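> sharing a model that was predicted from the sequence below.
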Amino acid sequence: MKYFASLAAALFLSIGAFAQSGSYQLGDKVADFSLKGANNKTASLSDFANAKTVVLVFTNNQCPYSKLYENRLTTLAGTYSGQGVQFVFVNPGVGDGGETLEAMAAKNYSFPYLADEGQRLSKQFGATKTPEAFVLQNTGDGFVLKYKGAIDDNPQVASGVKNNYLKNVIDAVLANKAVTTVDKRATGCLIKKY
């Protein structure tokens, strides 16, 4: 019986690793994508070809962690908007009884909020939690994944943050410096697969 439990655990871990292996890895060039926005207009990664950096944040309106990070993220977006940084929120919880475009539109962000219906984009990026950030650097020949993971080290209390992972990565990318923090495990709600 113990043998079967060990075998089942090993198989489960192997399947999990295999499922994530098809997603983008750090340093990979990111393919163009198009998603419908909360405003019913389609937005594509190529729409941001003039941005130095695109920050994709997989989030949703129902996750308590997303709610805790909402003000921090919108503040970051405002801080960096004049520096060539484009924030884009992506909601993997739209459809199949999940969230709606109407609920997304009620947020009225100053940057695109896109619906990942069918969860193709979240799978492509390997996003597993909300909120989870992905920083894409514009190389002039497309976008390259430079960071994925946590926004900072304290989801509950903004004033208690000691490490601003996302902010530090954005600063490094804008300064054309090496990104030293490349993959910090995100704290948040698991993305429910539809």
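The structure has been received and is ready for your questions.
> count the residues that sit near Lys162.
By other CB atoms under 10 Å, 7 other residues sit near Lys162. Where C-beta positions appear, they are placed from N, C-alpha and C, glycine not excepted.
> list phi and psi for it.
phi -110, psi -30 (degrees, to the nearest 10).
> my guess is it meets Asn168, correct?
No. Lys162 is beyond contact range of Asn168, at 11.6 Å (criterion: CB atoms under 8 Å).
> list the contacts for the closest residue to Ile191 other than its chain neighbours?
Leaving aside its sequence neighbours, Ile191 sits nearest to Pro92 (CB to CB, 6 or more residues apart in numbering; 5.1 Å). By CB atoms under 8 Å, 6 or more residues apart in numbering, the contact list for Pro92 reads Phe58, Asn60, Asp116, Gln119, Leu121, Ser122, Ala127, Thr130, Ile191.
> which regions of this structure sit below the pLDDT cut-off?
By pLDDT under 70, the weakly predicted segments of the chain are 1-21, 96-97, 194.
> try it again with 50
1-20 (pLDDT under 50).
> helices of the protein, start to end?
2-21, 64-80, 101-105, 120-125, 165-174 (DSSP state H).
> buried residues, the shortest one. List them.
The one in question is helix 101-105. Within helix 101-105, the residues that count as buried by 16 or more other CB atoms under 10 Å are Leu101, Ala103, Met104.
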